[in-house]
Every structure is written in C-alpha cells, then in structure tokens.
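Enquirer: kindly generate the corresponding structure for this input.
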Amino acid sequence: MPQIVPPFYLNGLTIQPGEQVLTRLVISRLPSGTVIDVPVHVMRSTEPGPTLLLMGGMHGDEVNGIETIRRLVRRDLLQPLRGSIIAIPILNIYGFLNFSRDVPDGKDVNRSFPGFPRGSLAGRVAHRFMREIMPLIDYGIDFHTGGAARANFPQVRCLLGVDPEVDAMAEAFAAPFTLHAALRPGSLREAAHRLGKRIIVYETGESLRLDEQGIEGALAGTLRVLHHMGMGPAAPVPSRPGIVCRRHTWLRARFAGIFRALVENGQFLKKGDIYGSVADPYGQQSVRLESPLSGYVIGLNHMPVVNQGDALLHIAVPE
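Expert: The predicted structure follows:
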C-alpha cells in the first residue's frame with residue numbers, strides 16, 4: 001500500500017503534497033507602521049521523504065547565504081523528487097534593512113533560540129521560527145558569512161562524530177573544509193539538536209560582500225546534499241577532496257596597531273611561519289607575527305586597525 005503523505009500546516013495554510021507555496025510570516029511592525037514579514041518558500045513532492053530547511057540571513061548583513069538561496073529559487077533547482085524543501089532567504093529582515101548583524105534591540109537572533117513570544121525582538125523572531133518552521137523539518141543547512149571584517153574560507157561546521165547522519169550530510173556537501181564545532185547556547189543548531197533535528201552550517205566570505213567562489217560552492221554543496229537524501233538528481237562532483245579539521249583556533253592580536261596580513265585564505269601555514277605584522281601608526285615599532293602551529297588559514301581579518309585581543313587569523317589543523 002502506498003504511503004500517505006500528510007499536508008503541512010504553516011502560517012494558517014494547508015499545503016498539500018505536490019504544491020509550491022510562497023507564504024509570509026508576519027513578525028512585527030517598524031515604528032513607522034511598516035509590516036515586517038519573512039517570505040518562506042515551500043516546495044513539496046508527492047513522494048514521501050524528509051523535509052530539508054535551507055536558510056539564510058540569520059544575520060542581516062550576511063549576504064552570501066541570501067544570494068545562495070535566491071539563486072537556487074530563481075534557477076528552479078529546488079524541485080524535490082521526494083519529501084519537501086523549505087527555503088527562507090532572509091530570516092532577519094530587520095538586520096537586512098539596516099546592513100546589520102543584529103535586530104534593532106542589539107540582540108543576536110542566533111543566540112536567542114528557542115525564543116519567547118513576549119521577549120526581546122530577537123527572541124520573538126526565534127520563537128516564531130520554532131513554532132512555525134521547526135516542527136516541519138528533519139534536516140537543515142544554515143548559510144552564514146564571516147562577521148565584521150573577517151572573511152571565512154568556504155567551510156561546513158557541525159558536531160562531528162556524534163550523529164552519523166550529520167557526518168554524512170557534511171561529507172555529501174563536500175566543502176573545502178569541514179570543522180568540528182561545538183553547539184553554541186541559544187543557537188539554531190543547538191535548539192534543533194535538542195529536538196533531534198540535524199542542521200549543518202555553511203560559512204563563506206565577508207559580511208556585506210558577495211563571495212562568488214563561496215556562493216557557487218554553496219550551490220553545488222546543496223545539490224549534493226539533496227542527491228544524498230534522494231531528493232535531487234546527480235550533482236556536481238567536488239573538484240578536490242574536503243579537509244576535515246577537529247581542531248581550530250583564532251590567533252589574536254597581542255598588540256594594538258595596524259595589522260597587515262601576509263597570507264591568504266585557504267593557505268597552509270607551517271609552525272613558525274610569519275603570517276603578518278602589527279605596527280604602531282607613528283612608524284616607531286613593528287612586530288612580526290609568527291604562527292604557533294601548523295594548519296590552514298580558514299578565516300582572515302581584513303580590518304587593518306586592531307586592538308589587543310582582536311581575532312586576526314583562524315587556523316584549522318587537519319586530521
């Protein structure tokens with residue numbers, strides 16, 4: 001007997017198998033009275049299968065994930081052979097409008113899960129997501145970008161070695177780097193983990209800057225995950241094997257001044273290599289920066305003016 005595929009109930013709508021729907025979750029209003037709503041694409045197959053979430057714009061200034069999902073929708077690449085896809089190009093509309101990581105009250109949506117219906121604005125956004133979207137999904141890819149002036153080399157972050165299905169998702173995505181990343185309190189990934197939902201995070205590029213290489217990698221990786229789940233056709237084969245890193249750390253400035261990087265993202269450093277310098281702005285002193293360990297550069301600070309403790313370079317040690 002064929003398996004019956006149940007309908008989705010989302011935002012007051014009943015979405016049947018085989019339907020494609022664009023609905024809008026109303027979050028709140030601006031002080032001007034303008035309604036703030038979050039567009040949600042739902043694409044359903046008539047065949048039973050998992051539901052995959054694709055989400056960008058958790059931080060409003062992280063445009064690479066937004067552009068990735070926009071291209072997937074625009075190119076009509078999200079037609080599942082089985083199961084369903086929920087695609088949210090921008091969750092944090094407030095941050096997107098204000099070129100900001102956060103919502104207007106200064107809080108980070110990705111530190112506000114599971115949220116609260118009468119809490120802060122970030123908490124309300126998180127709560128609406130948990131109420132409307134989270135119950136429907138089984139898996140997810142959360143697209144992010146480096147914060148501030150820090151650029152990330154294309155990478156997947158997830159909890160490795162705990163859930164074989166998460167490991168398989170990360171392997172299928174086949175980013176240049178896969179990092180073991182602990183769950184952060186208040187994050188979407190932690191909230192999903194508590195409910196048995198499996199989400200990986202893809203990072204690439206720098207805030208408010210499009211990273212074409214990283215976006216194309218995100219498109220190909222997403223198609224590979226869909227194929228891995230039996231939801232999509234054959235996908236592009238990665239150009240090179242990905243590198244798994246369970247250990248990674250930021251190297252931070254010991255002195256304030258002008259930072260000049262002498263390395264590029266993706267480059268391999270040996271212990272003792274000089275990766276940059278920090279100089280005072282008056283020409284009195286310059287300190288060369290030496291790597292304390294060997295590994296790949298997977299994140300780089302492009303802000304030349306740094307204070308003590310600022311993150312300069314993210315280095316990952318391969319297995």
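Enquirer: which residues sit in contact with residue 249?
Expert: If you count contacts by C-beta atoms under 8 Å, 6 or more residues apart in numbering, residue 249 has them with 293, 314-315. For glycine as for every other residue, the C-beta is placed from the backbone atoms N, C-alpha and C.
Enquirer: in CSV: those, plus distance to residue 198, neighbour count and pLDDT.
Expert: As requested, the contacts of residue 249 are exported to CSV (distance: C-beta to C-beta, whole Å; neighbours: other C-beta atoms under 10 Å; pLDDT from 0 to 100):
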residue, distance to residue 198, neighbour count, pLDDT
293, 31, 13, 97
314, 25, 24, 98
315, 28, 24, 98
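Enquirer: redo those as JSON lines? Include secondary structure and distance to residue 184.
Expert: JSON lines is the format used below for the contacts of residue 249 (DSSP: H, G, I helix; E, B strand; the rest coil; distance: C-beta to C-beta, whole Å):
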{"residue": "293", "secondary structure": "coil", "distance to residue 184": "23"}
{"residue": "314", "secondary structure": "strand", "distance to residue 184": "16"}
{"residue": "315", "secondary structure": "strand", "distance to residue 184": "20"}
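Enquirer: what's the first helix or strand after the longest helix seen in the chain?
Expert: Criterion DSSP state H: the longest helix present in the chain is helix 212-228. Per DSSP states H and E, helix 212-228 leads on to strand 243-245 as the next helix or strand towards the C-terminus.
Enquirer: model confidence over that next one, on average?
Expert: Mean pLDDT, strand 243-245: 98.
Enquirer: packing partners of it?
Expert: If you count contacts as 3 or more C-beta pairs under 8 Å, 6 or more residues apart in numbering; DSSP states H and E, strand 243-245 packs onto strand 177-180, strand 295-301, strand 311-317.
Enquirer: which residues does it contact?
Expert: 160, 176-180, 295-296, 298, 316-319.
Enquirer: are any of the residues you listed buried, and which?
Expert: 160, 176-180, 295-296, 298, 316 (16 or more other C-beta atoms under 10 Å).
Enquirer: out of these, which is nearest to residue 76?
Expert: Nearest to residue 76, judged by C-beta to C-beta, of the buried ones among the contacts of strand 243-245 is residue 176 at 26.9 Å.
Enquirer: could you measure the closest one against residue 104, distance?
Expert: Counting by C-beta to C-beta, to the nearest Å, the separation of residue 176 from residue 104 is 35 Å.
Enquirer: same check, this time on residue 15
Expert: 31 Å.
Enquirer: higher neighbour count, those two?
Expert: Between residue 15 and residue 104, counted using other C-beta atoms under 10 Å, the more crowded position is residue 15 (20 against 14).
Enquirer: do you know the pLDDT at the more buried one?
Expert: 98.
Enquirer: tell me who's in contact with the nearest residue to it once chain neighbours are set aside.
Expert: Nearest residue to residue 15, sequence neighbours excluded (C-beta to C-beta, 6 or more residues apart in numbering): residue 8, at 4.1 Å. Residue 8 is in contact with 14-15, 42, 44, 84, 136, counting by C-beta under 8 Å, 6+ apart.
Enquirer: and the two most separated of these?
Expert: Taking C-beta to C-beta as the measure, the contacts of residue 8 have their most distant pair in 14 and 84, spaced 13.7 Å apart.
Enquirer: between these two, which has more neighbouring residues?
Expert: Using other C-beta under 10 Å as the criterion, residue 14 and residue 84 rank with residue 84 on top: 25 against 10.
Enquirer: contacting residues for that one?
Expert: Residues in contact with residue 84 (C-beta under 8 Å, 6+ apart) are 8, 42-45, 49-52, 136.
Enquirer: can you list these in a markdown table and add pLDDT?
Expert: A markdown table is the format used below for the contacts of residue 84 (pLDDT from 0 to 100):
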| residue | pLDDT |
| --- | --- |
| 8 | 96 |
| 42 | 98 |
| 43 | 98 |
| 44 | 98 |
| 45 | 98 |
| 49 | 97 |
| 50 | 98 |
| 51 | 98 |
| 52 | 98 |
| 136 | 98 |
